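Visitor: dropping a prediction and its sequence here:
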Amino acid sequence: MEEEKMEVDVRIPAPLKKLAGEKDVIKSQGKTVGEVLRSLTDAYPGLEERLRDEKGEVRRFISIYVNDEDIRFIQNLETPLKEGDQISIIPAIAGGASLRRRVTQGPSII
């Protein structure tokens, strides 16, 4: 008997919404995180390149959580899902002043 695929909500971060039809949350199905990501990238092909590297692994600057747990500390893409689980895709965010701004302002004087 084949296991039933679970329906889960996938939260799409603002930087990726354009590639996901401007949606904040997408309902998807799968038994594992990997199956859900495959279903998601089949429906929204532009997400594939942003989420996975050439080996098919989640890019190192992307974190994926099931509910509030990072899948890297569970079973990664093989993390099993339950009906109603929530998957969050979190891209790393870099910040700080640009080098040009720091150079033109000069050193800080306290």
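Guide: Yep, that arrived. Here the structure is a predicted model, which is why all the values come from computation and not from measurement.
Visitor: pLDDT on stretch 78-98, on average?
Guide: Across stretch 78-98, pLDDT averages out at 86.
Visitor: list the buried ones in it?
Guide: Neighbour counts over stretch 78-98 (16 or more other C-beta atoms under 10 Å) mark 79, 81, 85, 87-89 as buried. For the C-beta atoms, the positions are set from N, CA and C on the backbone; glycine is no exception.
Visitor: could you pull out the strands for the chain?
Guide: 6-11, 25-30, 62-66, 69-70, 86-91 (DSSP state E).
Visitor: output those strands as a markdown table; include the columns distance to residue 50.
Guide: Written out in a markdown table, the entries for the strands of the chain read as follows (distance: least, C-beta to C-beta, whole Å):
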| stretch | distance to residue 50 |
| --- | --- |
| strand 6-11 | 14 |
| strand 25-30 | 14 |
| strand 62-66 | 8 |
| strand 69-70 | 19 |
| strand 86-91 | 8 |
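Visitor: quick one: closest of those strands to residue 49.
Guide: Among these, the nearest to residue 49 by C-beta to C-beta is strand 62-66 (11.5 Å).
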